[in-house]
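J.: would you be able to build a 3D model of this:
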Amino acid sequence: MDGRWRPIGRDRVKELFAEGSARLLLCTDAAAEGLNFQFCGALVNYDLPWNPMKVEQRIGRIDRLGQQHARIRIVNLFVEDTVETEVYRALRERVRLFEDVVGPLQPILARLPRQLEEAALAGGEAARDLVARIRREAEALAHEAIDPLIGAEGGIEEAPIPKAPYDLADLARVLARPELLPEGWQSEPAGSRDRLLRAPGLSGPIRATADPDFFDRHGESCELFAPGSPVFPAVRPEVTPPDRARFEELLADRTHPLSTAAVAGT
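T.: Numbering: from 1, shown residues only. Got it, this is the predicted structure:
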């Protein structure tokens, strides 16, 4: 309001952007991975990398589950009369770059950054040779290769996914009650949806949450309390998690120690 610039953290930047207080976010290539901007309807690539798969990673920030726009717009800015422009146009118009980046064209695209660098340094004829070679390889793949996303005739039969023995709501209940954590672990409130977690081996307290929406907005300064996270207790392989019915049965038994340690209201 006073016309002066002031620094704010990345989490706050994402909050402002997500809530609509800021309508435009200018990013370096560091934003190409690990961020979820499914509330956005447009992406402008003003500095295209030489690796087309990195372009696809950028697009994946907004073209993901939860996207509510009926149509999203991707704008790629090119510098005229450059090797990069000629190659990218060939990829877009003849090779279906963004449709096949993870399909049969992936081996070609994986080699492209080095080839593009060499063509850019050589200039002129080398760039045209590269474009022609990419087209020939793509046409050969179109006739001979099997798309790994489709597989053999009849498609890929997916194995049934077993129901998880617990979910994030269960983990939130555990995180909120220190007595349910392993020996030596401590948990105390930090905010309405996150906790300060202390554990053996950690240099200090770490913010943790079992709320995926909160983690999505505060991923720079908070850890998700879930399997695979560095702040999640290691599970001994000889221990079998209880099934859901038994878990609820123990919580319902008010004389059982697990019930007395559970969150109020369960």
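J.: can you pull the contacts of residue 184?
T.: For residue 184, the contacting residues are 199, 200, by CB atoms under 8 Å, 6 or more residues apart in numbering. Where you see a C-beta, it was placed from the backbone N, CA and C, and this is true even at glycine.
J.: name the element it belongs to?
T.: Counting by DSSP states H and E, no helix or strand carries residue 184.
J.: which parts of the stretch 1-150 of the chain are strands?
T.: 42-45, 73-76 (DSSP state E, counting those that start in this stretch).
J.: number of residues surrounding residue 209?
T.: Other residues near residue 209 come to 24 when the count uses other CB atoms under 10 Å.
J.: tell me who's in contact with the nearest residue to it once chain neighbours are set aside.
T.: Distance criterion CB to CB, 6 or more residues apart in numbering; nearest residue to residue 209, sequence neighbours excluded, is residue 194 at 4.2 Å. Contacts here follow CB under 8 Å, 6+ apart; on that basis residue 194 touches 207, 208, 209, 211, 214, 218, 222.
J.: looking at these, which are in helices?
T.: Using DSSP state H, residue 214 are the members of these that sit in helices.
J.: straight-line length of stretch 222-234, end to end?
T.: End-to-end distance of stretch 222-234 (CA to CA, to the nearest Å): 19 Å.
J.: quick one: the helices in the stretch 1-150 of the chain?
T.: Listed from the start of the chain, the stretch 1-150 of the chain has helices (DSSP state H, counting those that start in this stretch) covering 10-19, 52-59, 83-94, 97-100, 106-122, 125-144.
J.: and the residue lying closest to residue 85 once chain neighbours are set aside, how far from residue 86?
T.: If the residues on either side of it in the chain are set aside, residue 85 comes closest to residue 78, at 4.2 Å by CB to CB, 6+ apart. Remark: distance between residue 78 and residue 86 (CB to CB, to the nearest Å) = 9 Å.
J.: what's the answer for residue 10, then?
T.: 36 Å.
J.: same thing with residue 120?
T.: Counting by CB to CB, the gap from residue 120 to residue 86 is 10 Å.
J.: ok, residue 174 next?
T.: Relative to residue 86, residue 174 is positioned 57 Å away (CB to CB).
J.: ok, now which ones touch residue 71?
T.: Residue 71 makes contact with residue 41 under the criterion CB under 8 Å, 6+ apart.
J.: give me the pLDDT for it.
T.: pLDDT for residue 71: 90.
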